[in-house]
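Peer 1: Structure for this input, please:
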Amino acid sequence: MKNIAVIKPKKLSKKKVGRKWFDGKSEKAVITKCEEVWALGGTDAEASFYANITGASLSRYLAEKPKVKEFRNRLREKPILKARQTINNNLDDPTTARWYLEKKRSKEFSNKLEVAHDVEVSHSITPESQNAIDNLFELFETNAREIEKKVIIDVEAIEEKKDDKDGK
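Peer 2: Numbering: from 1, shown residues only. Modelled structure (predicted):
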């Protein structure tokens, strides 16, 4: 009996193909740095700067990884919650308590006074005032035309002098 060579199909490599997300930088390290910035309420631009990557690569990454994008949005709320906690922990301080009430119950505790009024204001110009305004506009237009003519004459004179110099 002859030996028959059996050709086994090659197993496909399970290696990831294509360009790495962050030009060879560790994905975990980059995202950890970004998360630090997001936890402070930072923007994507600040996170990409801190992680030393481009904003475009971070945007592409977030577009492909919706879970990371959602986590980013939740991390950005962390400073707000911490501020709320700090305020609540300091409500024994009268200054903090008053500030909190001014913000939360402004109608009752605000230092601002709101005044409602129902006054109608109308302006009317007398015929004499209207004539005075019209006369001022005419005077202005006349002076503007005269100035324009002088400027044109001056520009023409400058151009003539320049032409004379160039011609010599």
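
Peer 1: What's the local residue count around residue 21?
Peer 2: As a burial measure, residue 21 scores 18 neighbours (other CB atoms under 10 Å). C-beta: built from backbone N, CA, C; applies to glycine.

Peer 1: Could I get the contacting residues of it?
Peer 2: Each residue near residue 21 by CB atoms under 8 Å, 6 or more residues apart in numbering is listed here: 27, 30, 57, 60, 61.

Peer 1: any idea whether it is helix, strand or coil?
Peer 2: Classification of residue 21 by DSSP: H, G, I helix; E, B strand; the rest coil places it in coil.

Peer 1: Let me see the ranges of the helices in this structure.
Peer 2: Ranges of helices in the chain, per DSSP state H, are 27-39, 44-50, 55-64, 66-75, 78-89, 94-104, 106-109, 127-167.

Peer 1: Would you mind putting these into CSV with mean pLDDT alongside?
Peer 2: Below are these laid out as CSV (pLDDT from 0 to 100):
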stretch, mean pLDDT
helix 27-39, 94
helix 44-50, 95
helix 55-64, 92
helix 66-75, 95
helix 78-89, 92
helix 94-104, 88
helix 106-109, 81
helix 127-167, 83
